[in-house]
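Undergrad: Give me a model of this one.
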Amino acid sequence: MALRACGLIIFRRCLIPKVDNNAIEFLLLQASDGIHHWTPPKGHVEPGEDDLETALRETQEEAGIEAGQLTLIEGFKRELNYVARNKPKTVIYWLAEVKDYDVEIRLSHEHQAYRWLGLEEACQLAQFKEMKAALQEGHQFLCSIEA
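TA: Numbers count the residues shown, from 1 in each chain. All right, here's what the predicted structure looks like:
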């Protein structure tokens with residue numbers, strides 16, 4: 001059976017939108033172990049939790065952002081399926097916007113750095129094609145609901 005994890009693709013909007021669509025910045029965290037990959041906050045579902053509860057708990061644990069500091073974006077949910085450490089893995093992501101542009105990020109021991117990045121830079125750091133696709137789809141979704 002596939003490992004199941006859930007997380008939030010967290011973003012913020014620049015107060016002064018730039019012409020090149022960099023008004024949206026995504027939060028990526030760099031793992032402390034392994035290949036030090038960059039992803040949004042995510043983690044494994046614990047017994048008794050539903051998927052969204054997991055995503056919110058993991059965001060609080062890994063980035064220090066509480067559920068009340070986020071606005072969940074209706075209508076966007078992506079399921080990524082890939083192999084990690086020779087085991088199938090499923091990760092469910094939702095989109096969430098921070099209410100405060102300057103929200104404080106407090107990393108757990110699981111991560112060594114964080115960055116707010118425009119779509120292109122975020123995709124460059126997010127090495128895995130499934131993650132890149134989820135970021136691109138999230139960006140496209142946000143641009144389409146703003147129009």
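
Undergrad: quick one: residue 61 is in a strand?
TA: No. Checked against DSSP: H, G, I helix; E, B strand; the rest coil, residue 61 lies outside a strand; its state is helix.

Undergrad: check contacts around it.
TA: With contacts defined as Cβ atoms under 8 Å, 6 or more residues apart in numbering, residue 61 is in contact with 41, 43, 108. The way it works is simple: take the backbone N, C-alpha and C, and place the C-beta from them, glycine included.

Undergrad: likewise residue 44?
TA: With the criterion set at Cβ under 8 Å, 6+ apart, residue 44 makes contact with 3, 4, 5, 54.

Undergrad: and if you look at residue 100?
TA: By Cβ under 8 Å, 6+ apart, residue 100 lies in contact with residue 69.

Undergrad: any idea what it is structurally, helix, strand or coil?
TA: Counting by three-state DSSP, the backbone at residue 100 sits in coil.

Undergrad: now, among the contacts of residue 61, which is nearest to residue 77?
TA: residue 41 (15.8 Å; Cβ to Cβ).
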